[in-house]
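Trainee: A structural model of the following input is requested.
(one chain, ligands or ions: 1)
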Amino acid sequence: MEPTGAVQGLRCPDCETIHPLDADQGCPTCGTACTVAYDYDAVDDAALFDRGAPPRDADAATGGQSARGQWQYDALLPFDAADAVTAGEGATPLVAADRLADELSVDSVYIKDESRNPTGTIYDRGMSIATTAIAARAAPEAVEPAALATTGNSGQSAAAYLGRLGVRSYAFVPSRSAFSNKAMINVHGGEMQVVGGRYSDAADAVDEQLAGDYYSLQEFTTPYRQEGAKTLAFELYADLGAVPDVVFVPASTGEVVVGVAAGFEELVTIGVADETPTLVAVQPTGCAPIATAVDSGASAPEPWAVPDTIVGELEVPDPAGGEQAVAALERLNGAAVTVDDDEILESAVAVASNEVIEMGAAGGAAPAGAWRYADDGGFDGDETVVLLNTESGTKTPDILRSHLMGPGG
Ligand SMILES: [Zn+2]
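Mentor: Presented below is the predicted three-dimensional model:
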């Protein structure tokens, strides 16, 4: 698998070695997780945002420009759009929420609605790229089984994309994962192990049950999932015609925080944008390792001892990308806020009631975080604010509805 365009290969952050793109299970020299390395001088930034031009691979099969989705930004992706394993992920709507802007006393609020991705979550972006990496190998089926531990959504996405490729996949989910996730993992043809306990137990079970003989789709093992989250930054810039002032991101493993931060930083690096936005990570008070590290000035999160939130998607006590997320927030003049479960559900319900958009419980953390940030005096009043809805309301309708029934449901 030869790098194309501006891609140099995979760089190990520890030993600085550049490896080929299929060395995607950790540095062959020292084992550290690698990231994609680009020669930014070689990036054609005019092509990056030339949305008016016909797609290079336009034909009946691709369905034209909209079907290119995130892959229209392949000038800053590890693989060419022509080789992508894609179902049209990305290019999601940016919906103006004027009532929210009034309530938060800011200039404008937009909801970036990632629920419109093929399996209803932001994770389809990264899974499309990670699956493309498998398809690009000399023998894709040799990776079998591909596996990951997941709070639910990324497992559903993995089952869907690996199914497209015809490669056997295993998702290890904690028993508390949403029923919709468990059902759809099987419907997409993925194999599933339901592990008693919580996310950490599912993560432990991958190595125990597969005995190390598997291809990991785990975020921050494969370097490709955070590359998908990166394209969100490009889309926000393209749709707004500028970098937004503040972006609220529900945070769990750190994948989305790290990816979105990298995307905005790359826009500055290639000379398209002058500055990065303020990035605000939002976590539930019942499981907030990243937010706690940011608040205390620690460089990396401590594992959260007793995780307890109704928002299962955000209950990741020992985030794989925690240290990277904390560093990214620091670089972007970012912040972190924590919000109670009630505030999260209240916010998701309010958005559904007033703004059409169906947010899952995890997505509700974004508006809840914005309200908290406003209460804390975080806004000046002239900001353009983006709330990232990471998942569809159809993932957790039971949890959202139970909130309407009051304390104790
Ligand atoms: Zn290394």
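
Trainee: where does the closest residue to Arg164 other than its chain neighbours land on pLDDT?
Mentor: Spatial nearest neighbour of Arg164, excluding adjacent residues (Cβ to Cβ, 6 or more residues apart in numbering): Val85 at 5.9 Å. Every residue, glycine included, has its C-beta placed from N, CA and C. Val85 carries a pLDDT value of 97.

Trainee: try the one 4 residues further on
Mentor: Predicted confidence (pLDDT) at Glu89: the value is 97.

Trainee: ok, now which ones touch Glu141?
Mentor: Glu141 makes contact with 166-167 under the criterion Cβ atoms under 8 Å, 6 or more residues apart in numbering.

Trainee: mind checking the SS state of it?
Mentor: helix (DSSP: H, G, I helix; E, B strand; the rest coil).

Trainee: any idea how far Ser169 is from it?
Mentor: In this view, Glu141 and Ser169 are 12 Å apart by Cβ to Cβ, to the nearest Å.

Trainee: chain neighbours aside, what residue packs nearest to Val36?
Mentor: Nearest one to Val36, counting by Cβ to Cβ, 6+ apart, is Pro78 at 4.8 Å.

Trainee: show me what whatever helix or strand Ala368 lives in is packed up against.
Mentor: Using DSSP states H and E, Ala368 sits in helix 365-375. Counting contacts by 3 or more Cβ pairs under 8 Å, 6 or more residues apart in numbering; DSSP states H and E, helix 365-375 packs against helix 98-104, strand 246-250, strand 278-284, strand 335-339, helix 341-355, strand 384-389.

Trainee: other residues contacting the last one?
Mentor: Applying Cβ under 8 Å, 6+ apart, the external contacts of strand 384-389 come out as 94, 97, 100-101, 104, 106-115, 122, 232, 236, 240, 242, 244-250, 256, 260, 277, 351, 357, 359-360, 363, 366-367, 370, 379.

Trainee: tell me how far that strand lies from the chain's centre.
Mentor: Distance of strand 384-389 from its chain centroid, counting by Cα atoms, centre = their mean, to the nearest Å, is 14 Å.

Trainee: phi, psi for the residue nearest to Ala320 when sequence neighbours are not counted please.
Mentor: With sequence-adjacent residues excluded and distances taken as Cβ to Cβ, 6+ apart, Ala320 is closest to Phe220, at 4.2 Å. Phe220 adopts backbone torsions of phi 70, psi 0, taken as degrees, to the nearest 10.

Trainee: dump the residue contacts of Phe220.
Mentor: Taking Cβ under 8 Å, 6+ apart as the test, what Phe220 contacts is 33, 226, 253-255, 320-321, 324.
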